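S.K.: Predicted model, plus sequence, below.
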Amino acid sequence: MASRSLTRAIRSPLARQFVSPAAQRRTIVSTFFPGVRTTIAASAKVAVAGPARQTRGLKTIDFAGTKEEVYEREDWPREKLLDYFKDDTLALIGYGSQGHGQGLNLRDNGLNVIIGVRKNGASWKEAQEDGWVPGTNLFEVDEAIKRGTIVMNLLNLTNVDVPKDIDVILVAPKGSGRTVRSLFREGRGINSSIAVLQDVTGKAEEKAVALGVAVGSGYLYKTTFEKEVFSDLYGERGCLMGGIHGMFLAQYEVLRERGHSPSEAFNETVEEATQSLYPLIGANGMDWMYAACSTTARRGAIDWGAKFKDALKPVFNELYDSVKDGTETKRALDYNSQPDYREKYEGEMQDIRDLEIWRAGKAVRALRPENQK
Ligand SMILES: NC(=O)c1ccc[n+]([C@@H]2O[C@H](COP(=O)([O-])OP(=O)(O)OC[C@H]3O[C@@H](n4cnc5c(N)ncnc54)[C@H](OP(=O)(O)O)[C@@H]3O)[C@@H](O)[C@H]2O)c1
């Protein structure tokens, strides 16, 4: 357990920030370790046997000609994690999608986890539905921070003013918290990035790896706080969500405007992509998917892929600039700081739900044989 002075040191700046998140900066997972904690330093020594053991877990992998170092979870079996964190209370602050996935995975791994959220907010209710008990392992933010030896910031964009005498690390799963959870339950793992901002104990990176494995990661690659923020904001606005939605809409609308039925337009735009072709890319790569399709499809895809890339690259550069100069951060902070931000998002989700393409999609999904009663 953290010393009282340390707990106070952590609590004050964070609490101030949570009350008034005006000048926030995005932190994915900030994990705070006290420099004064001899207990974990000792247990880490036993469990990890010094830097040599840590080096053994670090592998150099050739990613298409560029060598990168990665950590794999095989070096952190459950027993070792339990020993490593045996004196810790992991305080997860925030219980949105990531809090749900990471919190339940940590709990299932047998670690001592508590949740800190606003009382009676949406997250408080969701946490209770997931079995977290008020006063036992569900607390208000300040109380959870006070009790935690490791404080994990799982809020949306936040700027945390941290003391200089603690480790500050980042663990960022590469996917929605729902996937963090579902892959864990399937015995699989999500890839995550790790980074170190402050290393007071000399063990910050090791702790990031251990925590990354504990929340359900498969392998972990190293980044910096800045690179993680830039790539994450860029990716979700681009191919992962915004870009792909824009492309689906554009293709669907043209088909509909040229006389194709909703069923045909949806099947040729979304259903075939998600049910047939994208899983092939995921399993075996783009070349394999191309090769699995007709030569007619292949000819056109190769030609038009180049045209789409040329058309879209300026948009991606504009997006990266907007991330880099802080415009995207400011936009998200301003929006998410409104007291009614969840209601406003719900309005926008309803607008998407009401689009013909997604209403047609609902009907198409219902017709899948596995969804027929
Ligand atoms: N790198 C990646 O691949 C990746 C992937 C997913 C997520 N992330 C990042 O991880 C973080 C968490 O993501 P998420 O998907 O779990 O977010 P989320 O679903 O939006 O959840 C946000 C949480 O923050 C709480 N919160 C927001 N404003 C607050 C305030 N002023 N005071 C106290 N609590 C507040 C919310 O509580 P209420 O219910 O009370 O509002 C909720 O529990 C985000 O920064 C996200 O960008 C990264």
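M.R.: Now that the structure is in, tell me what you want to look at. The shown structure was predicted, so the numbers you read here are calculated from the model rather than taken from an experiment.
S.K.: for the stretch 51-200 of the chain, what spans make up the helices?
M.R.: 78-84, 97-108, 122-129, 141-147, 177-185 (DSSP state H, counting those that start in this stretch).
S.K.: Can you name the element that comes right after the longest helix seen in the chain?
M.R.: Ranked by number of residues, the top helix in the chain under DSSP state H is helix 295-324. Downstream of helix 295-324, the first helix or strand assigned by DSSP states H and E is helix 327-336.
S.K.: so that next one versus helix 295-324, what angle?
M.R.: 80 degrees (axes from the mean of the first three to the mean of the last three CA atoms, to 10 degrees).
S.K.: Can you name the residues in contact with the next helix or strand after helix 327-336?
M.R.: Downstream of helix 327-336, the next assigned helix or strand under DSSP H and E is helix 341-354. Residues from elsewhere that reach helix 341-354 (CB atoms under 8 Å, 6 or more residues apart in numbering): 122, 335, 338, 358, 359. In this view, the C-beta of every residue, glycine as well, is placed from N, C-alpha and C.
S.K.: which parts of helix 341-354 are buried?
M.R.: Residues of helix 341-354 classed as buried by neighbour count (16 or more other CB atoms under 10 Å): none.
S.K.: Tell me the helix or strand right after that helix.
M.R.: Helices and strands here follow DSSP H and E; after helix 341-354, the next one along the chain is helix 356-366.
S.K.: Which residues outside that next one are in contact with it?
M.R.: 248-249, 252, 256, 262-263, 265-267, 269-271, 352-353, 371-372.
S.K.: Could you tell me how far that helix lies from the centre of the chain?
M.R.: Chain-centre distance of helix 356-366: 28 Å, with CA atoms, centre = their mean, to the nearest Å.
S.K.: Residues of the stretch 151-300 of the chain that sit close to the ligand?
M.R.: Within the stretch 151-300 of the chain, the positions near the ligand by CB under 6 Å from any ligand atom are 154, 155, 156, 157, 172, 173, 174, 176, 177, 232.
S.K.: elements contacting the helix or strand hosting the last one?
M.R.: So that's residue 232. Here residue 232, judged by DSSP H and E, is contained in helix 225-237. Judged by 3 or more CB pairs under 8 Å, 6 or more residues apart in numbering; DSSP states H and E, helix 225-237 is in contact with strand 166-173, strand 190-198, helix 295-324, helix 327-336.
S.K.: so after it, what's the next helix or strand?
M.R.: Sequence order places helix 242-257 as the next helix or strand after helix 225-237, per DSSP H and E.
S.K.: in the helix or strand following that following helix, what counts as buried?
M.R.: Next along the chain after helix 242-257, taking DSSP H and E as the criterion, comes helix 262-266. The neighbour-count check on helix 262-266 (16+ other CB under 10 Å) flags 262, 265, 266 as buried.
S.K.: for the stretch 1-150 of the chain, what are the low-confidence residue spans?
M.R.: Counting by pLDDT under 70, the ranges of the stretch 1-150 of the chain that qualify are 1-56.
S.K.: go on, the stretch 201-350 of the chain?
M.R.: Ranges of the stretch 201-350 of the chain meeting pLDDT under 70: none found.
S.K.: For the stretch 51-200 of the chain, give the residue positioned nearest to the ligand.
M.R.: Per CB to the nearest ligand atom, residue 96 is where the stretch 51-200 of the chain lies closest to the ligand, at 1.9 Å.
S.K.: Excluding chain neighbours, what is closest to that residue?
M.R.: Sequence neighbours aside, residue 123 is the residue nearest to residue 96 in space, at 6.3 Å (criterion: CB to CB, 6 or more residues apart in numbering).
S.K.: returning to that earlier point: going by distance to residue 215, which of the contacts of helix 341-354 wins?
M.R.: Checking the contacts of helix 341-354 against residue 215 with CB to CB, the nearest one is residue 122 at 21.8 Å.
S.K.: gap between that closest one and residue 340?
M.R.: 12 Å (CB to CB, to the nearest Å).
S.K.: Residue 276 too?
M.R.: Per CB to CB, residue 276 is found 41 Å from residue 340.
S.K.: neighbour count winner among the two?
M.R.: The neighbour count for residue 276 versus residue 340, taken as other CB atoms under 10 Å, is higher for residue 276 (12 against 9).
S.K.: biggest separation within the residues of the stretch 151-300 of the chain next to the ligand, which pair?
M.R.: 155 and 174 (18.8 Å).
S.K.: what about the two, which has more around it?
M.R.: Between residue 155 and residue 174, counting by other CB under 10 Å, residue 155 is the more crowded of the two (27 against 17).
S.K.: Please identify the nearest residue in space to that one, excluding sequence neighbours.
M.R.: residue 94 (4.0 Å).
S.K.: buried sites along stretch 155-175?
M.R.: Neighbour-count burial for stretch 155-175, counted by 16+ other CB under 10 Å, picks out 155-158, 160, 162-163, 166-175.
S.K.: One more: stretch 133-152?
M.R.: In stretch 133-152, counting by 16+ other CB under 10 Å, buried: 137-152.
S.K.: what residue of this protein is the furthest out?
M.R.: The centre of the chain is farthest from one residue, residue 259, which by CA atoms, centre = their mean lies 40.1 Å away.
S.K.: Residues in a beta bridge with the closest residue to residue 198 other than its chain neighbours, which ones?
M.R.: Closest residue to residue 198 apart from its sequence neighbours, by CB to CB, 6+ apart: residue 168 at 4.1 Å. Beta bridges link residue 168 to residue 32, residue 198, judged by DSSP bridges.
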